[in-house]
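Engineer: pasting the sequence and the predicted model now:
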Amino acid sequence: MEKADLRQRISEIARILLPLWPNEKPLIHSSSCFELLCAVILSAQCTDDQVNAVTPALFSAYADPRAMALADVEDVERLIRSVGFFHTKARHLVLSARKIMTEYGGKVPSKMEELLSLPGVGRKTANLVISSCFGAPGIIVDTHVSRLVYRLGLHDNRDPAAIEKKIRENLQKSRFTAFSHALNRQGKYICRARNPACLSDPSSCPLEKLCPRRGL
Ligand code: SF4
């Protein structure tokens, strides 16, 4: 697709989706930057509901980086064992908290490179923290976003880094965060992985006229 066409297509998708999905807050529950960071680390290969089910007990036991840094990894594992890869994630939570305490003065860092230096933190997590906690534009490419972008023909594969780059090059920076959350909701609730809404009723998808995979 020509660059100008792609830019226009992304702009049209944003024009349709942003009013439909105006909530720019993550669906994952948290009440601080540290909680958000932990919740998103837990969310890899898991649903938001699975994460939201374990975080109240986790955050009650370890409310801040100081408490988490002192935690026993096995105790953290016991609290999160219903989420996938809980051994690795428990280790990442404790090691990230320790690094936040030793290198960032006990506060979740605000820069991309700093966030990426924390164990278990990739670009999706970093962009979500940067946008939700620090108000900077963030392109958050999760599984719903990458699936939707691929189905819409905006990119020819589902590689999150490449999709982030493509959106960054073709959308105004001020719309990065809102567009990410709108794509996330559209993918989660309409363009579902196994049963996209257009299979039963094309008119139930607001993007049906733009979508090359409508009804497929
Ligand atoms: S038309 Fe179907 S495949 Fe295309 S975005 Fe809508 S639900 Fe997804």
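Structural biologist: Yes, it's here. No experiment lies behind these values; they were computed from the predicted model shown. Numbering: from 1, shown residues only.

Engineer: next one: stretch 121-139 to chain centre, how far?
Structural biologist: 8 Å (Cα atoms, centre = their mean, to the nearest Å).

Engineer: also stretch 174-186?
Structural biologist: 10 Å.

Engineer: what's that stretch in contact with?
Structural biologist: The contact list for stretch 174-186 (Cβ atoms under 8 Å, 6 or more residues apart in numbering) reads 10, 14, 17-18, 20-27, 127, 131, 137-142, 144-145, 148-149, 167-168, 171, 206-207. For every residue, glycine as well, the C-beta is placed using N, CA and C.

Engineer: CA atoms only: put that stretch into CSV for me.
Structural biologist: Only the C-alpha atoms of stretch 174-186 are listed here, as CSV (Å, rounded to 0.1, in the frame of the first residue of the first chain):
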residue,chain,number,x,y,z
SER,A,174,-1.2,13.2,19.9
ARG,A,175,-3.5,10.4,18.8
PHE,A,176,-1.2,7.5,19.6
THR,A,177,-2.6,6.6,23.0
ALA,A,178,-6.3,7.0,22.1
PHE,A,179,-5.9,5.1,18.9
SER,A,180,-4.2,2.2,20.7
HIS,A,181,-7.0,1.9,23.3
ALA,A,182,-9.7,2.2,20.6
LEU,A,183,-8.0,-0.6,18.5
ASN,A,184,-7.7,-2.7,21.7
ARG,A,185,-11.4,-2.5,22.4
GLN,A,186,-12.4,-3.0,18.8
